[in-house]
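> Predicted model and sequence below, questions to follow.
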Amino acid sequence: MKTSEHLQPMQFPEEDVSLDKPASPNYAHVLIGAALLACSMMLVAGALALPQDKGYTIIGAQAFPFAVAFLLFMVGVGLTWQGIKGGFRFLPAEAAAAAPLGGKQMRSALWISAGLLVNALLITQIGFVLSSTLLFVAAARAFGSNRWAKDILIGLALTVPVYLGFTQGLGVPLPALINSWI
């Protein structure tokens with residue numbers, strides 16, 4: 001019986017991952033791990049600022065931020081260690097080549113950054129729904145979408161239920177749907 005090609009066992013390239021020979025650190029990978037460690041520390045600082053009163057709940061408001069901070073810290077430690085030992089493990093060969101960022105990647109990063117900045121600056125002026133819709137449009141543009149009207153409609157379709165779920169369902173106040181300027 002002949003085995004078809006798609007049923008063959010997966011073959012992995014042979015790699016020399018011996019820990020005997022020291023590898024030179026990959027500083028970009030160390031920086032990524034260190035950034036995650038810093039984010040986990042900021043999350044801990046923010047969690048410590050939350051009230052410790054549990055009210056009617058079993059766990060307080062600090063539980064989930066501490067859990068996320070712990071997991072982020074563990075990932076940061078692992079990535080930093082791998083960066084020190086020569087770079088991240090199990091990357092495809094083309095990703096491990098550390099090619100410089102091209103124009104398309106930089107434009108995408110700029111669209112995301114601009115969307116986050118606009119959201120932060122406008123959320124109190126135009127409300128959660130409209131500012132988050134603008135963030136969605138910027139993110140869609142970063143991923144290559146050129147359909148502005150469709151992106152706006154999808155952004156509204158995503159942010160309105162989130163707004164209603166938080167404000168009406170959970171009682172969590174968000175900046176007004178349409179602020180008092182109308």
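All right, it came through fine.

> secondary structure class for residue 174?
coil (DSSP: H, G, I helix; E, B strand; the rest coil).

> An error on my part: the question was meant for residue 137.
Going by three-state DSSP: residue 137 is helix.

> Find the nearest non-adjacent residue to it, please.
residue 151 (4.6 Å; CB to CB, 6 or more residues apart in numbering). Quick note: C-beta positions are derived from backbone N, CA and C, even for glycine.

> what's the neighbour count on the spatially closest residue to residue 26 that is not a sequence neighbour?
Of all residues not flanking residue 26 in the chain, residue 87 sits nearest, at 3.7 Å (CB to CB, 6+ apart). Other residues lying near residue 87 total 18 when counted by other CB atoms under 10 Å.

> Test my guess that residue 87 contacts residue 31.
No. Using CB atoms under 8 Å, residue 87 is not in contact with residue 31, being 11.9 Å away.

> can you map out the helices along the chain?
27-48, 63-84, 93-96, 103-142, 148-164 (DSSP state H).

> on that earlier part again, number of nearby residues for the residue nearest to residue 137?
Neighbours of residue 151 using other CB under 10 Å come to 20.

> could you dump the helices of the chain to TSV with distance to residue 171 and mean pLDDT?
Shown next, in TSV, are the helices of the chain (distance: least, CB to CB, whole Å; pLDDT from 0 to 100):
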stretch	distance to residue 171	mean pLDDT
helix 27-48	21	91
helix 63-84	18	92
helix 93-96	44	55
helix 103-142	15	90
helix 148-164	12	93
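
> Just put the ones you listed in JSON lines and tack on distance to residue 173.
Shown next, in JSON lines, are those (distance: least, CB to CB, whole Å):
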{"stretch": "helix 27-48", "distance to residue 173": "18"}
{"stretch": "helix 63-84", "distance to residue 173": "19"}
{"stretch": "helix 93-96", "distance to residue 173": "43"}
{"stretch": "helix 103-142", "distance to residue 173": "10"}
{"stretch": "helix 148-164", "distance to residue 173": "11"}
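
> Relative to residue 146, how far out is the residue lying closest to residue 73 once chain neighbours are set aside?
With sequence-adjacent residues excluded and distances taken as CB to CB, 6+ apart, residue 73 is closest to residue 40, at 4.0 Å. Going from residue 40 to residue 146 by CB to CB, to the nearest Å gives 37 Å.

> the domain parsing of the chain - what is it?
For the chain, the TED database gives the domain ranges 25-51+59-95, 102-181.

> More neighbours: residue 40 and residue 146, which one.
Using other CB under 10 Å as the criterion, residue 40 and residue 146 rank with residue 40 on top: 20 against 8.
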